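**Student:** Give me a model of this one.
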Amino acid sequence: MRSPSDSSQPSRQVFAITGKGGVGKTTFTAILAKILSAEGVNLLAVDADPPVSLTYALGAQPVKTVGDMRSRLIEDPAEKKKFDEKHTRDVVKEEVLIDLKGMGLLVLGRAEGPGCYCGLNQLLKFGIESLTEQYEITLIDCEAGIEQINRRVIDSISRLVMISDATLKGLQTAAYLRDIASKHGVAGPYETGLVINRAGEGVEALMQKAHEMGLHVLGVVPPDPNVAEYDRVGKPTIGLPDDSPSVLAVREILKGLRRAD
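**Tutor:** A predicted model of the protein is given here:
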């Protein structure tokens, strides 16, 4: 396993998007991907949630996953020879990366099975982290939690973006995730921010409550009938119209993220 050598690559930005289940973090991530890829940003999307919702939101199929690759390596020791011959990053790129014509997509898929494969997991994580160095921005659609970022994906992030619905419970979960990340090993330095999703009347009071909880509000995304319709009929989120309310709101949030650089 050789060390990364591409020192000429531009500095990367890694955005980890998290939140409790059902708050719309996958939709938010897919809209970010839509905007960034349309701008020509060299972009990597990582679907780190086992249901692979981001994959479908981007109009793709989970035909290749890191979980499947892990299984092959466990079941067929001959597969490991690839790691002796090439950089781990290149093996992950060749065996798992999905090309979506404007962005790369990495699907983690299923979590580890029974048994301990710590060495193998670290090997694959090394390959993923090395791969992100070839992209300007990496978006990670996390599970409903934060601990698995270091365990399954990557050692360091630039932004922890917490998505909440327009409820006090959502804010409380966001604050909890922020504290978990701070206390349990998400490597820094990184910045945190909150996005309140599907926010209608009364959002000002929630924003004030978020401020009192020490949460930095990046912005709000209004209810969007287009998102509801796309979800109902199974259309990929990435195909939302450019003037859709959620797309316009996420575009403004992205401006704020970039100003923070």
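
**Student:** List the contacts of residue 140.
**Tutor:** Contacts for residue 140 (Cβ atoms under 8 Å, 6 or more residues apart in numbering) come out as 14-17, 46, 48, 149, 153-154, 157. (C-beta placed from N, C-alpha, C; glycine too.)

**Student:** cutoff 10 Å now
**Tutor:** Contact analysis of residue 140 by Cβ atoms under 10 Å, 6 or more residues apart in numbering lists 14-18, 29, 44-49, 54, 106, 108, 128, 132, 148-149, 152-154, 157, 160-161.

**Student:** burial measure for residue 197, as a count.
**Tutor:** Residues lying near residue 197 (other Cβ atoms under 10 Å) number 25.

**Student:** still on that earlier bit, what subset of the contacts of residue 140 is buried?
**Tutor:** Among these, those buried by neighbour count (16 or more other Cβ atoms under 10 Å) are 14-18, 29, 44-49, 54, 106, 108, 128, 132, 148-149, 152-154, 157, 160-161.

**Student:** Just the ones of the residues you listed in strands?
**Tutor:** Among these, the residues falling in strands (DSSP state E) are 14-18, 44-47, 106, 160-161.

**Student:** tell me which element residue 163 is part of?
**Tutor:** Using DSSP states H and E, the element containing residue 163 is strand 159-165.

**Student:** Can you list the strands that that strand pairs with?
**Tutor:** Strand 159-165 has the following strand partners under DSSP bridges: strand 13-18 (parallel), strand 191-197 (parallel).

**Student:** just checking, residue 110 is part of a helix?
**Tutor:** No: remark: residue 110 does not belong to a helix; assigned using DSSP: H, G, I helix; E, B strand; the rest coil, it is coil.

**Student:** Let me see the mean pLDDT of the helix or strand harbouring residue 138.
**Tutor:** Using DSSP H and E, residue 138 sits within strand 137-141. What strand 137-141 shows for mean pLDDT is 93.

**Student:** Ok, stretch 229-244 next?
**Tutor:** Here stretch 229-244 scores 97 as its mean pLDDT.

**Student:** go on, stretch 64-71?
**Tutor:** Mean per-residue pLDDT for stretch 64-71: 86.

**Student:** Can you give the distance from that stretch to the centre of its chain?
**Tutor:** Distance, stretch centre to chain centre, for stretch 64-71: 18 Å (Cα atoms, centre = their mean, to the nearest Å).

**Student:** Please list the residues outside it that contact it.
**Tutor:** With contacts defined as Cβ under 10 Å, 6+ apart, stretch 64-71 is touched by 46-48, 50, 52, 55, 62, 79, 91-92, 95-98, 105-113, 117, 120-121, 123-125, 127-128, 152-153.

**Student:** Give me the buried entries from those residues.
**Tutor:** Buried members of the contacts of stretch 64-71, counted by 16+ other Cβ under 10 Å: 46-48, 52, 55, 62, 91-92, 95-98, 105-109, 112, 120, 123-125, 127-128, 152-153.

**Student:** hmm, back to that, now flag whichever of the ones in strands among the buried ones among the contacts of residue 140 is closest to residue 73.
**Tutor:** residue 106 (16.3 Å; Cβ to Cβ).

**Student:** Now do that closest one, the pLDDT please.
**Tutor:** Note on residue 106: pLDDT of 92.

**Student:** Contact partners for the residue lying closest to it once chain neighbours are set aside?
**Tutor:** The shortest distance from residue 106 to any residue other than its chain neighbours is 4.8 Å, reached at residue 46 (Cβ to Cβ, 6 or more residues apart in numbering). Contacts for residue 46 (Cβ under 10 Å, 6+ apart) come out as 14, 16, 29, 54, 66, 104-108, 128, 131-132, 138-142, 149, 152-154.

**Student:** All set now, cheers.
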